[in-house]
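S.K.: Kindly generate the corresponding structure for this input.
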Amino acid sequence: MKRIGETKIRKLTPKPHLTYPLIQLPPEFAEVIGKKAQIFETEYEGNRAFLVVVGEEVIKPDDNPELEKRLEELEHK
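M.R.: Residues are numbered from 1 along each chain as shown. Here you go, the predicted model:
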């Protein structure tokens, strides 16, 4: 896993009763704009972590033992 930067999680409020957390990626990742992303919640070094997978194929961790194994390895580092 490679660290790509640091950002503060911002707030996006499209409607008064609806607020989304917003995470920005560095400009060099602009090619992912408009693509589908799947987000998985995990843990890294005792902290809450999110894995973002960009791609058209739907990933189901239960159906993909290799992905599940990689996530578990990341959680234990």
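S.K.: rest of the way, CA atoms for contacts and neighbours
M.R.: Will do.
S.K.: helix/strand/coil for Glu72?
M.R.: Recorded secondary structure, Glu72: helix (DSSP: H, G, I helix; E, B strand; the rest coil).
S.K.: make that Lys8, sorry
M.R.: Classified using three-state DSSP, Lys8 is coil.
S.K.: what sits against the closest residue to Gln38 other than its chain neighbours?
M.R.: In this structure, Gln38 finds its nearest non-sequential neighbour in Val53, 5.1 Å apart by CA to CA, 6 or more residues apart in numbering. With contact taken as CA atoms under 8 Å, 6 or more residues apart in numbering, Val53 is in contact with Ala37, Gln38, Ile39.
S.K.: Please save the CA atoms from stretch 45-58 in CSV.
M.R.: The C-alpha trace of stretch 45-58 is given here as CSV (Å, rounded to 0.1, in the frame of the first residue of the first chain):
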residue,chain,number,x,y,z
GLU,A,45,-3.1,0.0,12.6
GLY,A,46,-6.1,0.3,15.0
ASN,A,47,-7.7,3.1,13.0
ARG,A,48,-10.8,3.2,10.9
ALA,A,49,-9.9,2.9,7.3
PHE,A,50,-11.6,3.0,3.9
LEU,A,51,-10.5,1.1,0.8
VAL,A,52,-11.7,2.7,-2.5
VAL,A,53,-11.7,0.4,-5.5
VAL,A,54,-12.1,2.2,-8.9
GLY,A,55,-13.5,0.0,-11.7
GLU,A,56,-16.6,-1.1,-13.5
GLU,A,57,-16.6,-4.7,-12.1
VAL,A,58,-18.6,-5.2,-8.9
